[in-house]
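> Here is my input, please return the structure:
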Amino acid sequence: MRSARLRLQLTYSPSLLAELSHIKVYLNNEVVGVVPLPRQQTPEPVQVELVLDPRYFSDYNQLRLQLIGHYSMDC
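Model prediction:
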């Protein structure tokens, strides 16, 4: 395999704090990308494409997305 791409279509709350909120993308337990969640006025769909390094692929692959979402600066 020479290359791989991951296309995501996201809709997220405009209440998320853009400076702190993001999505981590893992392939076989390795972070292969971080998707920032810029501030939006309305919940519009956003399309994101990540290029995945084919060296992380194996015979059995696991893709995991982790939302790091913050709505306030408080703990």
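> Every contact and neighbour count from this point should use C-alpha atoms.
Fine.
> How many residues are close by the nearest residue to Leu65 once chain neighbours are set aside?
Residue nearest to Leu65 in three dimensions, not counting chain neighbours: Val25, with 4.8 Å by C-alpha to C-alpha, 6 or more residues apart in numbering. Val25 is flanked by 21 other residues according to other C-alpha atoms under 10 Å.
> On the three-state scheme, the spatially most central residue of the chain is what?
For the chain, Ile23 is the residue whose C-alpha lies nearest the centre (C-alpha atoms, centre = their mean; 3.4 Å). The assignment at Ile23 comes out as strand when based on DSSP: H, G, I helix; E, B strand; the rest coil.
> who does it bridge with?
On the basis of DSSP bridges, Ile23 is bridged to Val35, Leu67.
> what residue ranges in this protein are flagged as low confidence?
Along the chain, the parts satisfying pLDDT under 70 run over 1, 75.
> Could you verify my assumption that the residue nearest to the centre of the chain touches Val35?
Yes: at 5.0 Å, Ile23 and Val35 qualify as touching, with contact defined as C-alpha atoms under 8 Å.
> Good, we can wrap up now.
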